[in-house]
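Student: Sequence plus predicted model, see below.
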Amino acid sequence: MSRLRILVLGPDCDPEAISIPFVSYRHAAALAQLHDVTLVVRAPVEASVRRAKAPFRSIEVVRMPTLERMKAWGFRRIFKSNFDSQALTAFGYPFSLAFEWYAWRQLRSHIFAGEFDVVLRVLPMTPVLPSPFAFFLRNGPVPFVLGPLNGGLRDAPGFSQLDKPEWVFGLRNVYRLMPFARSTYRHAAAIIAATSHMRTQFAVYRDKLFFVPENGIARSLCAADARSPDSAGKLELVFVGGLVRRKACYIGLRAAAPLLRSDLAHFTLIGDGPERSRLEQLVKSLEIEKAVTFCGWLKHAEVLRRLRSTDVVVLPAIREGGGGVVFEALASGAVPVILDHGGPGDIVHPEVGYKVPPTNEDDVISQMERILSDLAANRELLNRLRQQGMSYARECLTWDAKAQATTQVLNWVVGRGPKPDLPWSRMARVRCVS
């Protein structure tokens with residue numbers, strides 16, 4: 001496979017951060033193992049990117065000190081450092097445009113000199129922040145690709161603790177009126193979406209729309225299972241994530257309550273947030289205090305250590321975009337039990353775990369209760385799912401696999417390969433690529 005010369009726009013890529021900045025950095029670094037990648041970042045993340053020493057061809061830094069100070073001040077003083085604010089995306093709009101404008105001025109001579117084969121924008125991940133680069137490159141000389149894109153997922157209907165009112169999602173459509181909103185997707189040579197729910201949003205571009213999951217895992221996490229089988233032991237359940245409404249941890253607790261009261265299982269909650277006191281009250285009302293442990297936030301290494309001794313990861317989130325914990329659970333040998341809504345539903349399939357349709361709250365609790373009881377009673381089934389999940393993660397869910405899938409798209413847009421077959425995976429496993 002010949003190496004591509006890729007200009008990657010990743011303003012916030014950060015190997016020392018969490019969530020989307022970390023995910024996007026790992027994606028760019030995996031691409032750099034296969035291709036000659038020039039990564040374009042903002043000045044605040046330059047030091048951490050250089051410390052990581054990934055094999056980038058070069059790192060280009062866009063410096064706009066006055067705008068950086070304005071952005072930092074607004075995030076700190078207006079949004080109180082709350083990354084979960086919906087208005088934060090709108091606040092970031094002018095800064096996103098400014099970054100690409102400065103990047104274009106800094107790199108256009110190199111682009112027109114033929115130093116790159118393709119431009120790939122990996123950040124911002126949200127589809128509502130358009131890209132001037134798509135317009136700048138509308139007549140060449142190289143194709144423009146963006147993604148994986150994710151965002152705009154509504155809460156699953158039929159649940160009592162909805163996270164955001166419906167009008168918030170209607171407000172997102174205002175982005176269509178913004179400069180570059182239409183040209184971004186019209187002029188893109190390919191659009192990579194991270195979740196199947198985005199098919200409707202980009203249906204008009206289905207001929208150039210591809211699926212590549214948002215998350216990935218390091219191959220080093222895909223170690224052999226070190227558990228010792230114990231058919232008489234308790235079923236070890238874990239929830240990992242923020243204790244916020246959209247994670248719907250209360251559903252997992254209610255579903256597991258019969259097992260917990262019977263001393264057949266133990267439930268560990270890793271994470272913290274505004275819903276913790278309500279969940280603690282729920283645990284008391286269900287009379288399962290002795291079988292539930294609230295750990296708060298733990299270091300990532302400790303979370304992974306615990307996953308390697310866990311039987312089941314319960315993730316009943318009513319709105320979950322990427323679901324990185326599902327990737328880590330599968331790699332660690334923990335069987336995922338999830339709500340089939342958003343990113344996790346695209347990854348979990350019947351050979352490695354369970355996904356429950358988002359019908360209504362009572363039905364979901366009932367189905368999850370039955371699943372957990374079956375796993376507690378059938379350790380052969382649990383072990384089979386565990387082994388198949390670890391193999392699946394090793395073959396299909398690594399950063400390497402994600403980079404290979406993205407490579408197929410990029411080779412297609414530059415005319416070096418056929419149109420890739422990267423299907424949506426809601427009804428089947430993610431297609432492995434090699």
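Tutor: Structure's in. What do you need?

Student: how is this protein carved up into domains?
Tutor: Following automatic domain parsing, one gets these domains for the chain: 5-216+398-413, 219-396.

Student: could you dump these to CSV with mean pLDDT and distance to Leu422?
Tutor: (C-beta placed from N, C-alpha, C; glycine too.) CSV is the format used below for the domains of the chain (pLDDT from 0 to 100; distance: least, Cβ to Cβ, whole Å):
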stretch, mean pLDDT, distance to Leu422
domain 5-216+398-413, 89, 5
domain 219-396, 92, 12
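
Student: can I get these in CSV with distance to Asp421 and mean neighbour count?
Tutor: Listed next are the domains of the chain as CSV, based on distance: least, Cβ to Cβ, whole Å; neighbours: other Cβ atoms under 10 Å:
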stretch, distance to Asp421, mean neighbour count
domain 5-216+398-413, 8, 18
domain 219-396, 14, 19
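
Student: Pipe those into JSON lines and attach distance to Pro420 per row.
Tutor: Output for the domains of the chain, formatted as JSON lines (distance: least, Cβ to Cβ, whole Å):
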{"stretch": "domain 5-216+398-413", "distance to Pro420": "4"}
{"stretch": "domain 219-396", "distance to Pro420": "15"}
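
Student: which element is Arg384 on?
Tutor: helix 379-396 (DSSP states H and E).

Student: and that helix, how far out from the chain's middle?
Tutor: On the basis of Cα atoms, centre = their mean, to the nearest Å, helix 379-396 sits 21 Å off its chain's mean C-alpha point.

Student: helices or strands next to it in the packing?
Tutor: Counting contacts by 3 or more Cβ pairs under 8 Å, 6 or more residues apart in numbering; DSSP states H and E, helix 379-396 is packed against helix 324-332, strand 335-339, helix 361-377.

Student: could I get the ones you listed as a markdown table with distance to Leu253?
Tutor: A markdown table is the format used below for those (distance: least, Cβ to Cβ, whole Å):
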| stretch | distance to Leu253 |
| --- | --- |
| helix 324-332 | 17 |
| strand 335-339 | 13 |
| helix 361-377 | 9 |
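
Student: Among the ones you listed, which comes closest to Leu264?
Tutor: helix 361-377 (5.3 Å; Cβ to Cβ).

Student: Leu315 contacts Pro336, doesn't it?
Tutor: Yes: assessed by Cβ atoms under 8 Å, Leu315 is found in contact with Pro336 at 6.4 Å.

Student: The residue lying closest to Gly271 once chain neighbours are set aside: what's it in contact with?
Tutor: In this structure, Gly271 finds its nearest non-sequential neighbour in Gly241, 4.9 Å apart by Cβ to Cβ, 6 or more residues apart in numbering. Contacts for Gly241 (Cβ atoms under 8 Å, 6 or more residues apart in numbering) come out as 247, 249, 270-271, 315, 317, 325.

Student: Which of those residues fall in helices?
Tutor: 249, 325 (DSSP state H).

Student: Kindly reformat the contacts of Gly241 as CSV containing distance to Ala218.
Tutor: What follows is those, written out as CSV (distance: Cβ to Cβ, whole Å):
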residue, distance to Ala218
Lys247, 24
Cys249, 27
Ile270, 19
Gly271, 21
Leu315, 20
Ala317, 23
Val325, 15
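
Student: Please name the residues that touch Pro44.
Tutor: Shown in contact with Pro44 (Cβ under 8 Å, 6+ apart): 68, 72.

Student: From Asn411, how far out is the residue positioned nearest the centre of the chain?
Tutor: For the chain, Gly322 is the residue whose C-alpha lies nearest the centre (Cα atoms, centre = their mean; 2.8 Å). Separation of Gly322 from Asn411 (Cβ to Cβ, to the nearest Å): 25 Å.

Student: Ok, Glu380 next?
Tutor: Glu380 sits 43 Å away from Asn411, taking Cβ to Cβ as the criterion.

Student: for Ile20, same thing?
Tutor: 26 Å.

Student: Quickly list what Phe338 is bridged to.
Tutor: One thing to correct before we go on: residue 338 is Ile, not Phe. Beta-bridge partners for Ile338, by DSSP bridges, are Leu315, Lys355.

Student: Would you agree Lys419 is in contact with Val413?
Tutor: No: Lys419 is beyond contact range of Val413, at 9.6 Å (criterion: Cβ under 8 Å).

Student: still on that earlier bit, out of the helices and strands packed on helix 379-396, which comes closest to Ala113?
Tutor: Shortest distance between Ala113 and these, using Cβ to Cβ, is found for helix 324-332: 38.4 Å.

Student: other SSEs contacting the closest one?
Tutor: Looks like helix 324-332 contacts helix 300-307, strand 312-315, strand 335-339, helix 343-347, helix 379-396 (3+ Cβ pairs under 8 Å, 6+ apart).

Student: got a list of contacts for that helix?
Tutor: Helix 324-332 is contacted from outside by 23, 214-217, 221-222, 240-241, 303-304, 307-308, 310, 313, 315, 335-336, 338, 343-344, 347-348, 352-353, 389-390, 392-394, 397, using Cβ under 8 Å, 6+ apart.

Student: List the contacts of the residue lying closest to Pro132 once chain neighbours are set aside.
Tutor: Nearest residue to Pro132 in three dimensions, chain neighbours excluded: Glu100, at 4.7 Å (Cβ to Cβ, 6+ apart). Taking Cβ under 8 Å, 6+ apart, we find Glu100 in contact with 9, 131-133.

Student: Looking at those, which are in strands?
Tutor: Per DSSP state E, strands hold the following members of the contacts of Glu100: Leu9.

Student: Now flag whichever of the contacts of Glu100 is closest to Phe75.
Tutor: Closest approach to Phe75 among these (Cβ to Cβ): Leu9, at 20.7 Å.

Student: So the spatially closest residue to Gly147 that is not a sequence neighbour: helix, strand or coil?
Tutor: Of all residues not flanking Gly147 in the chain, Ile192 sits nearest, at 2.8 Å (Cβ to Cβ, 6+ apart). The three-state label given to Ile192 by DSSP: H, G, I helix; E, B strand; the rest coil is strand.
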